[in-house]
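Undergrad: Sequence below, structure please.
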Amino acid sequence: LVLQLEKQYPADIGVISAFFFNYVRLNPGEALYLGPNEPHAYLNGECIECMASSDNVRLAGLTPKHRDVPTLCFMLTIFNISFPQILKGFPLSPYITRYLPPFDEFEIDSCILLQGASTVFPAIPGSSRDVLVVPANTEISLTTASKLQLYRAGVSSMFFQIL
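TA: Next up, the predicted model:
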């Protein structure tokens with residue numbers, strides 16, 4: 001792992017962090033729970049990272065972005081030396097699996113639909129919003145039982161014309 005990171009991030013001091021982290025490989029359908037202020041790095045593959053409300057994103061290495069090492073070192077939680085909790089999720093329907101982290105701020109539903117299949121996401125009570133993430137190069141078709149307003153965000157199509 002260290003040799004791979006050194007090739008990807010030459011001369012980056014963050015490469016040595018691989019000696020201190022738990023190296024975790026997730027299988028499709030698995031999720032990982034990390035508590036507040038636990039250092040982590042996402043190396044490759046496709047994932048969704050969800051965080052509770054905070055202002056504690058600090059970068060210290062393995063990134064071309066601004067690094068704030070002193071603040072990161074001050075706020076780190078280094079007391080949990082156990083292996084991170086892997087969440088398997090539980091089925092809500094034939095197509096939907098729910099993942100519940102060990103707190104009440106949010107939950108994640110994963111939906112895998114076969115071509116031509118459909119499912120219903122029941123409304124969630126309260127004033128929260130749903131965020132749906134659709135993998136790249138996936139066309140979706142929607143129908144609704146009542147008025148529906150959606151917002152779509154993504155990389156501008158102009159970006160791909162430049163390449």
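
Undergrad: burial count for Leu5?
TA: 19 (other C-beta atoms under 10 Å). The C-beta positions use only the backbone N, C-alpha and C, and glycine is treated the same way.

Undergrad: Over to Pro102?
TA: Residues near Pro102, counting by other C-beta under 10 Å, number 8.

Undergrad: wait, doesn't it sit right on Gln85?
TA: Yes. Counting by C-beta atoms under 8 Å, Pro102 touches Gln85, with 7.4 Å between them.

Undergrad: Per-residue pLDDT of the residue nearest to Leu1 when sequence neighbours are not counted, please?
TA: Among residues not flanking Leu1 along the chain, Ala18 sits closest, at 5.0 Å (C-beta to C-beta, 6 or more residues apart in numbering). Predicted confidence (pLDDT) for Ala18: 85.

Undergrad: Around Ala18, how many other residues sit close by?
TA: Around Ala18 there are 17 residues (other C-beta under 10 Å).

Undergrad: List the residues that contact it.
TA: Counting by C-beta atoms under 8 Å, 6 or more residues apart in numbering, Ala18 makes contact with Leu1, Val2, Leu5.

Undergrad: you'd agree it is in a helix?
TA: Yes. Residue state for Ala18 (DSSP: H, G, I helix; E, B strand; the rest coil) corresponds to a helix.

Undergrad: Can you tell me how far the most centrally placed residue in the chain is from Pro101?
TA: Nearest to the mean C-alpha position of the chain, by C-alpha atoms, centre = their mean, lies Glu49 at 1.7 Å. In this view, Glu49 and Pro101 are 12 Å apart by C-beta to C-beta, to the nearest Å.

Undergrad: Show me the helices in this structure, by range?
TA: 2-8, 69-75, 157-162 (DSSP state H).

Undergrad: Just the buried positions in the first one, please.
TA: Buried positions in helix 2-8, judged by neighbour count with 16 or more other C-beta atoms under 10 Å: Leu5.

Undergrad: Quick check: which helices or strands does that helix pack against?
TA: Here helix 2-8 touches no other helix or strand, going by 3 or more C-beta pairs under 8 Å, 6 or more residues apart in numbering; DSSP states H and E.

Undergrad: what's that helix in contact with?
TA: Asp12, Gly14, Val15, Ile16, Ala18, Phe19, Leu43, Leu62.

Undergrad: sorry, back to before: now do the shared contacts for Pro102 and Gln85.
TA: Tyr33.

Undergrad: Only C-alpha atoms, please: export stretch 138-157 in PDB.
TA: Extracted in PDB, the C-alpha atoms of stretch 138-157 (Å, rounded to 0.1, in the frame of the first residue of the first chain):
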ATOM      1  CA  THR A 138     -26.900   6.100 -15.700                       C
ATOM      2  CA  GLU A 139     -30.100   7.300 -17.200                       C
ATOM      3  CA  ILE A 140     -33.100   7.400 -14.900                       C
ATOM      4  CA  SER A 141     -36.800   7.500 -15.500                       C
ATOM      5  CA  LEU A 142     -39.200   9.000 -12.900                       C
ATOM      6  CA  THR A 143     -42.900   9.000 -12.200                       C
ATOM      7  CA  THR A 144     -44.600  10.500  -9.200                       C
ATOM      8  CA  ALA A 145     -47.900  10.100  -7.400                       C
ATOM      9  CA  SER A 146     -48.000  13.900  -6.600                       C
ATOM     10  CA  LYS A 147     -46.100  17.000  -7.500                       C
ATOM     11  CA  LEU A 148     -42.300  16.500  -7.400                       C
ATOM     12  CA  GLN A 149     -39.600  19.100  -7.600                       C
ATOM     13  CA  LEU A 150     -36.000  17.800  -8.200                       C
ATOM     14  CA  TYR A 151     -32.700  19.500  -8.400                       C
ATOM     15  CA  ARG A 152     -29.900  18.000 -10.300                       C
ATOM     16  CA  ALA A 153     -26.200  18.700  -9.800                       C
ATOM     17  CA  GLY A 154     -23.300  17.400 -11.700                       C
ATOM     18  CA  VAL A 155     -20.200  18.200 -13.700                       C
ATOM     19  CA  SER A 156     -21.100  20.600 -16.500                       C
ATOM     20  CA  SER A 157     -21.400  19.000 -19.900                       C
END
